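The sequence and its predicted three-dimensional model are supplied below.
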Amino acid sequence: MQSKQRERLHVAIIMDGNGRWALRRGLPRVAGHRAGVATVRRVVEGALDLGIVRLTLYAFSSDNWSRPGSEVQSIFWLLRAFLRLEAERLQRRGVRLNVIGRRDRLAKAVLREIDRAESMTAAGSCLHLCVAIDYSSRDAIARAAVGVNASLPNEISRSPDLFRPLLTQALGAEGGEVDLLIRTGGEKRLSDFLLWESAYAELLFTDRMWPEFDETDLAAALEEFNRRERRFGAVPTNTVESVTSTV
């Protein structure tokens, strides 16, 4: 991987397939979520080894509140356990943890664990790990738009450079442009995840369920990413070379 890519590489993952993975094995859905936590540990370690500098994981969308109450309760119990047990290890490994998304609907016990983990890992410089909880990209964009209208004249409020910091404020943490967005579980949609930040992201969908995903899969995804030519609206490089050679 080129050093320039390493300096800024932001990978985002929609961690899908926990429930289906469990049901296919005759297990309750919560068993899939528990297995998914173990995958998070593996993928964070893999990201560190592969030189990824920012990793954003979609843990709980705002739409997930519609799931059965028992499942939601189990997810947040696992989240609290992860934050409580992993914060020290993340600190040792130089990982800075931030949670993005709404916090006004989270239980106080969850907020305490988030605050503790963020404080413990604030000095981390090897990897910025963002976990999206009660997250909706459209909601964040809408709240940022309200901020634009309230604070800026109409003639300059349409600039992305002026809009971006307000979106950052709405998220609760800096997101940054996504380079590679991976979705596990076989579905091929973004599900309201990092819509603004993924404007030019390379998309990769895999049938692997999240509990099956590991460091090898992450490395393979980066290899696929490095084979792609990112043009950001420009023409392909070989097209430019061909035109030049004929002039």
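Yes, it's here.

Reduced to three states, what does the residue nearest the centre of the chain come out as?
Closest to where the C-alpha atoms of the chain average out (Cα atoms, centre = their mean) is Thr56, at 2.4 Å. Following DSSP: H, G, I helix; E, B strand; the rest coil, the label given to Thr56 is strand.

and stretch 40-53, how far from the chain's centre?
In terms of Cα atoms, centre = their mean, to the nearest Å, the centre of stretch 40-53 is set 13 Å apart from its chain centre.

Buried residues in that stretch, which are they?
Under the neighbour-count criterion of 16 or more other Cβ atoms under 10 Å, stretch 40-53 has Val40, Val43, Val44, Glu45, Gly46, Ala47, Leu48, Leu50, Ile52, Val53 buried. Just so you know, the C-beta spots here come from the backbone N, C-alpha and C atoms, and that holds for glycine as well.

Out of the residues you listed, which sit inside helices?
Val40, Val43, Val44, Glu45, Gly46, Ala47, Leu48, Leu50 (DSSP state H).

now, which of the buried residues of stretch 40-53 sits nearest Asn226?
Comparing these against Asn226 with Cβ to Cβ places Leu50 closest, at 11.0 Å.

Leu218 is in contact with the closest one, correct?
Yes. Leu50 is in contact with Leu218 according to Cβ atoms under 8 Å; the separation is 6.6 Å.

Centre of the chain to stretch 80-89, how far?
Counting by Cα atoms, centre = their mean, stretch 80-89 comes out at 18 Å from the chain centroid.

Ok, stretch 211-226 next?
15 Å.

Now that stretch - C-alpha only, PDB.
Output of stretch 211-226 as PDB, limited to C-alpha atoms (Å, rounded to 0.1, in the frame of the first residue of the first chain):
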ATOM      1  CA  PRO A 211     -19.000 -13.200  13.100                       C
ATOM      2  CA  GLU A 212     -17.100 -15.000  10.300                       C
ATOM      3  CA  PHE A 213     -15.200 -11.900   9.200                       C
ATOM      4  CA  ASP A 214     -11.500 -11.800  10.300                       C
ATOM      5  CA  GLU A 215      -8.200 -10.200   9.700                       C
ATOM      6  CA  THR A 216      -7.700 -12.200   6.500                       C
ATOM      7  CA  ASP A 217     -10.900 -10.800   5.000                       C
ATOM      8  CA  LEU A 218      -9.900  -7.300   6.000                       C
ATOM      9  CA  ALA A 219      -6.600  -7.700   4.300                       C
ATOM     10  CA  ALA A 220      -8.300  -9.100   1.200                       C
ATOM     11  CA  ALA A 221     -10.600  -6.100   1.100                       C
ATOM     12  CA  LEU A 222      -7.700  -3.800   1.200                       C
ATOM     13  CA  GLU A 223      -6.000  -5.700  -1.700                       C
ATOM     14  CA  GLU A 224      -9.200  -5.200  -3.700                       C
ATOM     15  CA  PHE A 225      -9.300  -1.500  -2.800                       C
ATOM     16  CA  ASN A 226      -5.700  -1.100  -3.900                       C
END
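
Identify the residues contacting it?
1, 5, 11, 15, 17-18, 21-22, 32, 35-36, 38-39, 42-43, 45-47, 49-50, 52, 179-180, 182, 184, 202, 204, 206, 208 (Cβ atoms under 8 Å, 6 or more residues apart in numbering).

ok so, going back, include pLDDT and distance to Glu88 when you put the ones in helices among the buried residues of stretch 40-53 into JSON lines, please.
Formatted as JSON lines, those follow (pLDDT from 0 to 100; distance: Cβ to Cβ, whole Å):
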{"residue": "Val40", "pLDDT": "97", "distance to Glu88": "16"}
{"residue": "Val43", "pLDDT": "98", "distance to Glu88": "19"}
{"residue": "Val44", "pLDDT": "97", "distance to Glu88": "14"}
{"residue": "Glu45", "pLDDT": "96", "distance to Glu88": "15"}
{"residue": "Gly46", "pLDDT": "97", "distance to Glu88": "20"}
{"residue": "Ala47", "pLDDT": "97", "distance to Glu88": "18"}
{"residue": "Leu48", "pLDDT": "96", "distance to Glu88": "16"}
{"residue": "Leu50", "pLDDT": "95", "distance to Glu88": "23"}
